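**Student:** based on what follows, work out the 3D shape:
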Amino acid sequence: MATLIPATNIPAWMRAMRWHWLSVTSSLTWLLWCFARRWLVYRVGLRVGEGKNWYNTVGNWTVDSLRFPHGLKPVSDAVHAIGSEFLVWFEPERVFKGSRWSRELPKKWLIDAGEGAESYLFNLGDTAAVSWLSRYINKFMDDNGIDHYRQDYNIEPAGFWYHNDPEGREGITENHYIEGLYTYWDNILRHHPRGFIDNCAGGDADLIWRLFNGRHHCGVPITITANP
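**Tutor:** Presented below is the predicted three-dimensional model:
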């Protein structure tokens with residue numbers, strides 16, 4: 001069972017400074033690691049229309065065939081040819097309403113916080129959803145020669161969790177969700193035994209104890225962007 005530490009139990013001064021202090025220290029660590037290992041980090045965007053960008057099109061996790069007609073494999077092949085490794089940015093938990101996943105996935109795999117929410121939260125509390133997502137991302141990484149996985153998280157999940165808690169069971173949605181998140185990460189690392197997971201999460205705000213073991217990193221790497 002996942003151990004959860006409510007944010008209310010964290011002193012206010014720590015909550016206020018966690019973005020700045022941890023972001024600065026982890027960014028410096030990432031700079032050293034990137035120079036030592038020569039990682040190439042890539043953010044992959046989709047071909048989108050007017051007014052669309054990476055933020056409001058998440059939930060369409062396919063490679064833009066106009067810019068990358070052969071997928072990302074030629075890019076990763078070039079990276080590997082110079083002795084570097086290839087890390088790609090993902091944000092699978094936030095599913096923007098109107099995206100492909102929001103239309104095609106089973107509704108029980110998408111947590112809604114109500115009419116005011118612009119996105120769904122991918123339901124990592126559902127074991128079938130976790131298995132599907134693990135297979136999808138692992139295949140995406142295999143097909144495109146991706147060595148390492150970077151996870152972003154530009155969403156506040158608490159409202160989604162609380163909105164879906166059964167009466168008298170406050171916190172149960174969050175509990176199952178975090179258990180599913182750990183399972184998902186384990187599935188990624190098990191399938192890519194030489195890889196690691198980098199946690200980005202809106203400036204290192206998603207600080208989970210599990211991230212502080214040897215194959216999870218909290219940091220902001222040197223990024224080459226390829227947004228629309």
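**Student:** please pull out the lowest mean pLDDT helix or strand from this structure.
**Tutor:** Every helix and strand of the chain was ranked by mean pLDDT, DSSP states H and E. The lowest is strand 223-226, at a mean of 36.
**Student:** alpha carbons of stretch 66-85, as CSV, please.
**Tutor:** The C-alpha atoms that make up stretch 66-85 are tabulated as CSV, following Å, rounded to 0.1, in the frame of the first residue of the first chain:
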residue,chain,number,x,y,z
LEU,A,66,4.8,15.3,-41.3
ARG,A,67,8.0,16.2,-39.4
PHE,A,68,9.0,12.7,-38.6
PRO,A,69,7.8,10.5,-41.5
HIS,A,70,9.9,7.5,-40.2
GLY,A,71,9.1,8.2,-36.5
LEU,A,72,11.9,9.1,-34.1
LYS,A,73,14.1,6.1,-34.9
PRO,A,74,16.3,8.1,-37.3
VAL,A,75,16.8,10.7,-34.6
SER,A,76,17.7,8.1,-31.9
ASP,A,77,19.9,6.3,-34.4
ALA,A,78,21.9,9.5,-35.0
VAL,A,79,22.1,10.1,-31.2
HIS,A,80,23.4,6.6,-30.6
ALA,A,81,25.9,6.9,-33.4
ILE,A,82,27.7,9.6,-31.6
GLY,A,83,27.8,7.6,-28.3
SER,A,84,24.9,9.5,-26.6
GLU,A,85,21.6,8.3,-25.2
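**Student:** mind listing the helices for this protein?
**Tutor:** Taking DSSP state H, the helices of the chain run over residues 12-37, 73-81, 100-104, 127-143, 158-163, 172-191, 201-204.
**Student:** what's in contact with the fourth one?
**Tutor:** Contacts to helix 127-143, defined as C-beta atoms under 8 Å, 6 or more residues apart in numbering, come from residues 61, 71, 73, 88, 90, 92, 105-106, 108-109, 122-124, 146, 149, 180, 183-184, 187-188, 191-192. (C-beta placed from N, C-alpha, C; glycine too.)
**Student:** narrow those to just the buried residues.
**Tutor:** Neighbour counting by 16 or more other C-beta atoms under 10 Å classes 61, 71, 88, 90, 92, 105, 109, 122-124, 146, 149, 180, 184, 187-188, 191-192 among the contacts of helix 127-143 as buried.
**Student:** among the residues you listed, which lie within strands?
**Tutor:** 88, 90, 122, 149 (DSSP state E).
**Student:** distance-wise, check the residue nearest to the third one when sequence neighbours are not counted relative to W132.
**Tutor:** Spelled out, it's F122. Among residues not flanking F122 along the chain, E93 sits closest, at 4.8 Å (C-beta to C-beta, 6 or more residues apart in numbering). For E93, the distance to W132 under the criterion C-beta to C-beta, to the nearest Å works out to 14 Å.
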